[in-house]
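Asker: just a sequence and a predicted model for now, questions to come.
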2 protein chains.
Amino acid sequence: MTFVYAAIACGLLAVVYGFVTSSQVLRASAGSEKMQDIASAIQEGAKAYLGRQYTTIAIVGVVVAIIIAVTLGITSTIGFVIGAVLSGVAGYVGMNISVRANVRTAEAARTSLQGGLTLAFRSGAVTGMLVAGLGLLAIAGFFWYLTGPAGHAPNDRIIIEALTALAFGASLISIFARLGGGIFTKAADVGADLVGKVEAGIPEDDPRNPAVIADNVGDNVGDCAGMAADLFETYVVTLGVTMISIALLVRASGAELLGLMSLPLLVGGVCIITSIIGTYMVRLGGGSIMGALYKGFFTSAVLSAFAIYGITKWVLGDLGAVIGGEGFLDASSDALTGSVAAAATTGAGFTGMDLFWCMMIGLVVTGLIVWITEYYTGTNYRPVRSIAKASETGHGTNVIQGLAVSLESTALPTLVIVVAVIATYQLAGVIGIAFAATAMLALAGMVVALDAYGPVTDNAGGIAEMAGLPDDVRERTDALDAVGNTTKAVTKGYAIGSAALAALVLFGAYTSDLGAYFPAIAVDFSLSNPYVIVGLLLGAMLPFIFGAFGMTAVGRAAGAVVEEVRGQFRDNPGIMQGTSRPNYGRTVDLVTKAAIREMIVPSLLPVLSPIVVYFVINLVAGQGPAFAAVGAMLLGVIVSGLFVAISMTSGGGAWDNAKKYIEDGHHGGKGSEAHKAAVTGDTVGDPYKDTAGPAVNPMIKITNIVALLLLAALAAGA
Amino acid sequence: MTFVYAAIACGLLAVVYGFVTSSQVLRASAGSEKMQDIASAIQEGAKAYLGRQYTTIAIVGVVVAIIIAVTLGITSTIGFVIGAVLSGVAGYVGMNISVRANVRTAEAARTSLQGGLTLAFRSGAVTGMLVAGLGLLAIAGFFWYLTGPAGHAPNDRIIIEALTALAFGASLISIFARLGGGIFTKAADVGADLVGKVEAGIPEDDPRNPAVIADNVGDNVGDCAGMAADLFETYVVTLGVTMISIALLVRASGAELLGLMSLPLLVGGVCIITSIIGTYMVRLGGGSIMGALYKGFFTSAVLSAFAIYGITKWVLGDLGAVIGGEGFLDASSDALTGSVAAAATTGAGFTGMDLFWCMMIGLVVTGLIVWITEYYTGTNYRPVRSIAKASETGHGTNVIQGLAVSLESTALPTLVIVVAVIATYQLAGVIGIAFAATAMLALAGMVVALDAYGPVTDNAGGIAEMAGLPDDVRERTDALDAVGNTTKAVTKGYAIGSAALAALVLFGAYTSDLGAYFPAIAVDFSLSNPYVIVGLLLGAMLPFIFGAFGMTAVGRAAGAVVEEVRGQFRDNPGIMQGTSRPNYGRTVDLVTKAAIREMIVPSLLPVLSPIVVYFVINLVAGQGPAFAAVGAMLLGVIVSGLFVAISMTSGGGAWDNAKKYIEDGHHGGKGSEAHKAAVTGDTVGDPYKDTAGPAVNPMIKITNIVALLLLAALAAGA
């Protein structure tokens, strides 16, 4: 139990760090009265939106909680509630600090770039550490309760079900938050741009634009709160599924099992410490902004490697001793033959050193994804420049080249993931894949910090513009914001990459659960089974429909914003003359309602799909084919979701930065025809990268977790 | 052997129909001297391009033929050469009639819409019947030779290999033709539009635009020759794989087997007759143009249903007798349990009536895909109108809505295919799926006719514009062309839908071949095998990279066109004044070179991928995992390719028709801001629907066939 206590202590440390750093951020000057006025309008809008969003989600949550209580019992219900509530808290806290840091960043940027960077990054770090810390506390605390006071064995079915329910709670909230926030932010952004920049010819963030506050609110509720909930979910699911897969697959004594199951928690714990150290290394020191952020990231990563080694040795003792692992294979009904390496992991187990190397592979994958994403979305490389160049010949060629880049950007991350799967599987079977994913997510505190800093600087720029601060302030915040485009894309690539690994582990849990719950039904997962193909196709379809929903929702809501703003301009001519203040609140309110209305159906899609597929195929062909189709669906959704998500998030980032590259004076600069084309590309990329693309990550996991809970519910009902 | 002779007779009938109808088309007036001048410039360009394309392909083809000769022997090499040459011939003939029909259609449209429709559709029907006829002759003739004069048993390994090689020949040519032609046509189209419509402000098809002939050449070499080669390939592969799967999976006497293997040939044969009858039903009769085409299509489909019943009864005699079929399952190493229906097909066989119903399902799938495609690309329905509406708020929202439609358009076809897979599999196992695909392809003559008519009308419009014919001629050809956008999208949805069914059958052939060639290696195709996941991911990656290549190639080549045209305008100011003639030939030449250069690497991607994956995984993990990964790759490529292809082709068609809908006077009509935005969407959709999207179909099949040949080569070498 010492291990679990240590992990809980690290989680508490993250919370303490969050409080201390928050108060540092809040102590900074909030600028002039005008700036504070603007900031408080943003704060109010963001709070009002999140309040309403959470009320809506709560209704769905209560219904789901009752269903879980009836089918799976009270322990799972508690798990579900913990996951759901803390996911919501993570989002809320992230939003809360960022709406206060934005104005302070604008004020700090008045004096220096370093000042702005420090403030924005610290507020991002608060969100990052709270996401990781709360995630760790949720899962470690619940695990402590279940194995301690409640007295269950670590691989008791009730623990597996309860951890799954906890993950489900986190996922359910996060898909709503990601999608609702994503629709809000992009509807406001696209709408404001169309009616302001394009129609009325006023600059971005001009205070005369009635949608300008909504646009800034969007950064906080979408890119900050939604992202935080999403990464909280990814963290909890990844650590949870690693523990579940150990419980399901490893045959060892109770104490040994407890230790091994605590290892992912401790890895998360020590990496919180290394991430906190890393945050203090983010300093300009003459180099680029990206360089400053990299310093923090790589410090964390390198320290984490050592910390992971130490903690693995502490938990497992002898790193050379073989642990009675079973690997992926015993979970399935058929044995893999013809492969020496695979045979080595079947039954023969793995060593602590194997696990250590798997975690190192996880860290390397994270580093490679950061690098690949920067290549595809940074202004220094071929892809973004090719889009900028293509803008010279018009809107059409800009979009064509952007789509080409977006399709291409999927290749390298896929190859990295494929190599990681093969290598970790050869080292330690499915447990190896799980630990690689855990090590990836252990850096979540740092990665979220890098991401959450972006919307703060974006808001700071908006406030600087609206408050009429000198041009050099805006230039500084713009420079910070450009890097934010890349870090935002990085987080999404990272989340979806880890999701691909986690999905394999979740599938292992699914097959293993099937064997445990329904030993009489031999399910054929072979590709020669047409129901497997049917499942793959239906799963692959989900990200496409989901993407269509997201894109349509943004288009529709943005259209409503355009109408509203046109109406305000028409009814109150004083707005454009600068003599009367636009009604910002009404626009915020409109986008709020639209986003909440539009988020419901697509969010329920992944929840209901596995259930519908199971019951329909069960009716037509029986339970065996139904389980096979649902299982294949879980992999189908990751097989296509990985590509859809990466292409959308990288493509969108590339479009955005191609515009910024032109604005920096290339291909004719601001106001040129190339710039107009680049604005079109940026608009197209907006819902791609901030609505549809990132929401694919929680969607994949929800589909998987619902399938696991479905098995448990069917078994309980049978 | 009577059955095979009958099929060959039907193939010959198609060729006769082609000759007779060609001469009818050629007998029509070719219009004024100016029109003939323009037409002959297009003819020369198209011939020059195809000549060079075929020379390049021939070099690749000879290399591949030598490799096949060395590894698989002379019979397979003959098969390869037949497939390759006839695929080339199908494309050449299609191009040849369409470059002659275009000017005659323009002339006929001077008097009436019916006249234009009849001429254009007849020339399309020539291409359609020759594609089906040559395909049938190739496969039936070769099968006759192998089982007759060469004296092999119908399920002899040499026949299976030879038919596979024949399919490979057809596929290899078709991927080059589809991609090369697709790059040519869209580079010329996009380039001409950008520099003409957008920069110089001259209308489409204005004779002052030096790229205008290249644009018209593109319609013939891409939409006509490339499409014909593609559908020839689809036809040959589908019929071939149906025969192969019978040979591999059905245990019956030699005579029974010969009959059953002839059935797909005869189904193809009788449907040529019903298609020919259908072509005579294409008449306006007061209704819409689409209605006239539908009359032809549905006549063929309904007659085909009766004809298929008759021919099945003729071949099998008692339709209630059970045939000793084995279904999908015995091909794999593991048995499916828990499913009554599946159990019924394992070993228990199927009846002639089961096969008949499977073929009826194939016809219904074709009808549904036609209907769904019309819904997503026709101007009368929500999707196209939503794009047109979104154009009002600018380029960005047009593209966002277009992408949303393109993502959404994948859902219904997938559901149709999923239902068809389940139903046909329950009726007759994998053989049932194969027969459904065969019935789909049996209508190829008619479907190609509908498609090939489009580029002819497109060209006719161009010629009318350039020759300065009265406006009402252009209006008539435009009306014909708008319907062409939908029929083009239909063919692509149909080809990819049938490819999804064929891919399942090909995978069955792969597993069955594995068992035959490498009985000692038990390959695990279960989804719990990580090498299966690796294969699925790598396969799913291919359409994305391939799409990126296609989009980039068009962008790059279009850029070169823009530079060339700008240069001509600069060096020769007389062009814009209409006093001197632009150098059309130089532009055609430039696009030719660019298209041929750009087509090579992406075309080799699917050829080399299975080979590389096999050898790399074999090195790392052994032969079992390598075979598993390659097998999974075959399904990964269809699982993602289906979505990539449908989203691109339907989305592109929708964008094109949204523009046409606005040009018809909606949302401000021609010249409005909405129209400009719609032009952008159309430009984006161009490479989507005519380059990258359609080439995914032959790509999927190549990957599959190369894998089959790899097995044979490895077995021969082992």
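Answerer: That came through, no problem. Residues are numbered from 1 along each chain as shown, chains lettered A, B, ... in the order given.

Asker: quick one: contacts for the residue of the stretch 351-500 of chain A found nearest chain B?
Answerer: Nearest to chain B, among the residues of the stretch 351-500 of chain A, is A:Gly396, at 3.0 Å (Cβ to the nearest Cβ). Every residue, glycine included, has its C-beta placed from N, CA and C. By Cβ atoms under 8 Å, 6 or more residues apart in numbering or on different chains, the residues touching A:Gly396 are B:Val190, B:Asp193, B:Leu194, B:Val679, B:Thr680, B:Asp682, B:Thr683, B:Val684.

Asker: now the stretch 201-350 of chain A, which segments are flagged as low pLDDT?
Answerer: Applying pLDDT under 70 to the stretch 201-350 of chain A flags the ranges A:324-348.

Asker: in it, which spans are helices?
Answerer: Ranges of helices in the stretch 201-350 of chain A, per DSSP state H, counting those that start in this stretch, are A:212-218, A:227-249, A:254-279, A:289-316, A:340-345.

Asker: nearest to A:Thr127, out of the ones you listed?
Answerer: A:Thr127 sits nearest to helix A:227-249 of all the helices of the stretch 201-350 of chain A, at 5.4 Å, using Cβ to Cβ.

Asker: and the angle from the closest one to helix A:254-279?
Answerer: Here the directions of helix A:227-249 and helix A:254-279 differ by 160 degrees (axes from the mean of the first three to the mean of the last three Cα atoms, to 10 degrees).

Asker: in terms of secondary structure, what does helix A:227-249 contact?
Answerer: With contacts defined as 3 or more Cβ pairs under 8 Å, 6 or more residues apart in numbering or on different chains; DSSP states H and E, helix A:227-249 has these neighbours: helix A:74-109, helix A:113-147, helix A:157-192, helix A:254-279, helix A:411-442, helix A:444-466, helix A:471-517, helix A:693-717.

Asker: could you dump those helices into JSON lines and include mean neighbour count?
Answerer: Output for the helices and strands packed on helix A:227-249, formatted as JSON lines (neighbours: other Cβ atoms under 10 Å in any protein chain shown):
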{"stretch": "helix A:74-109", "mean neighbour count": "26"}
{"stretch": "helix A:113-147", "mean neighbour count": "26"}
{"stretch": "helix A:157-192", "mean neighbour count": "30"}
{"stretch": "helix A:254-279", "mean neighbour count": "24"}
{"stretch": "helix A:411-442", "mean neighbour count": "27"}
{"stretch": "helix A:444-466", "mean neighbour count": "30"}
{"stretch": "helix A:471-517", "mean neighbour count": "25"}
{"stretch": "helix A:693-717", "mean neighbour count": "26"}
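
Asker: and B:Leu146, which of those is closest to it?
Answerer: Nearest to B:Leu146 among the helices and strands packed on helix A:227-249 is helix A:411-442; the distance by Cβ to Cβ comes to 40.2 Å.

Asker: now find how far off-centre the closest one is within its chain.
Answerer: Helix A:411-442 sits 18 Å away from the centroid of its parent chain (Cα atoms, centre = their mean, to the nearest Å).

Asker: so who does the residue nearest to A:Val473 when sequence neighbours are not counted touch?
Answerer: Among residues not flanking A:Val473 along the chain, A:Ala464 sits closest, at 4.5 Å (Cβ to Cβ, 6 or more residues apart in numbering or on different chains). Applying Cβ under 8 Å, 6+ apart, we find A:Ala464 in contact with A:Ala106, A:Ala109, A:Val473, A:Arg474, A:Thr477.

Asker: pLDDT score assigned to A:Ala464?
Answerer: Per-residue confidence (pLDDT) for A:Ala464: 91.

Asker: from A:Lys701, how far out is A:Val64?
Answerer: 15 Å (Cβ to Cβ, to the nearest Å).

Asker: wait, I meant A:Lys197
Answerer: 37 Å.

Asker: do stretch A:620-638 and chain B meet at all?
Answerer: Yes: under the criterion of Cβ under 8 Å from any Cβ of the partner chain, stretch A:620-638 makes contact with chain B via A:Val620, A:Ala621, A:Gly622, A:Gln623, A:Gly624, A:Pro625, A:Phe627, A:Gly631, A:Ala632, A:Leu635, A:Gly636.

Asker: closest to chain B among these?
Answerer: A:Gly624 (2.2 Å).

Asker: that closest one touches A:Val523, doesn't it?
Answerer: Yes: with contact defined as Cβ atoms under 8 Å, A:Gly624 counts as touching A:Val523 (5.5 Å).

Asker: which of these two has more residues huddled nearby?
Answerer: Neighbour count, other Cβ atoms under 10 Å in any protein chain shown: between A:Gly624 and A:Val523, A:Val523 has more, with 28 against 24.

Asker: find the nearest non-adjacent residue to the more buried one, please.
Answerer: In this structure, A:Val523 finds its nearest non-sequential neighbour in A:Phe627, 4.5 Å apart by Cβ to Cβ, 6+ apart.

Asker: so who does the one you found touch?
Answerer: A:Phe627 neighbours (Cβ under 8 Å, 6+ apart): A:Leu514, A:Phe518, A:Ile521, A:Val523, A:Tyr614, B:Gly338.

Asker: any idea of the mean pLDDT in the helix or strand harbouring it?
Answerer: Element membership for A:Phe627, per DSSP states H and E: helix A:623-663. Averaging pLDDT along helix A:623-663 yields 94.

Asker: got the angle between the helix or strand following it and helix A:471-517?
Answerer: Next helix or strand after helix A:623-663 toward the C-terminus (DSSP H and E): helix A:673-687. Between helix A:673-687 and helix A:471-517, the angle comes out at 30 degrees (the same axes, to 10 degrees).

Asker: roughly how far is helix A:673-687 from the heart of the chain?
Answerer: Using Cα atoms, centre = their mean, the mean C-alpha position of helix A:673-687 is found 25 Å from that of the whole chain.

Asker: what angle separates that helix from helix A:623-663?
Answerer: For helix A:673-687 against helix A:623-663, the angle by the same axes, to 10 degrees is 150 degrees.

Asker: just the CA atoms of helix A:673-687, as PDB, please.
Answerer: C-alpha atoms of helix A:673-687 as PDB (Å, rounded to 0.1, in the frame of the first residue of the first chain):
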ATOM      1  CA  GLU A 673      -4.600  38.200 -52.400                       C
ATOM      2  CA  ALA A 674      -2.500  35.400 -50.900                       C
ATOM      3  CA  HIS A 675      -3.500  36.500 -47.400                       C
ATOM      4  CA  LYS A 676      -7.200  36.400 -48.300                       C
ATOM      5  CA  ALA A 677      -6.800  32.900 -49.600                       C
ATOM      6  CA  ALA A 678      -4.900  32.000 -46.400                       C
ATOM      7  CA  VAL A 679      -7.700  33.400 -44.300                       C
ATOM      8  CA  THR A 680     -10.100  31.000 -46.100                       C
ATOM      9  CA  GLY A 681      -7.800  28.100 -45.300                       C
ATOM     10  CA  ASP A 682      -7.600  29.100 -41.700                       C
ATOM     11  CA  THR A 683     -11.400  29.300 -41.500                       C
ATOM     12  CA  VAL A 684     -11.700  25.800 -43.000                       C
ATOM     13  CA  GLY A 685      -9.100  24.500 -40.600                       C
ATOM     14  CA  ASP A 686     -10.800  26.000 -37.600                       C
ATOM     15  CA  PRO A 687     -13.600  23.400 -37.100                       C
END
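
Asker: the helix or strand encompassing A:Ile361 near chain B anywhere?
Answerer: Using DSSP H and E, A:Ile361 sits within helix A:352-377. No: shown here: helix A:352-377 not in contact with chain B (Cβ under 8 Å from any Cβ), separated by at least 11.3 Å.
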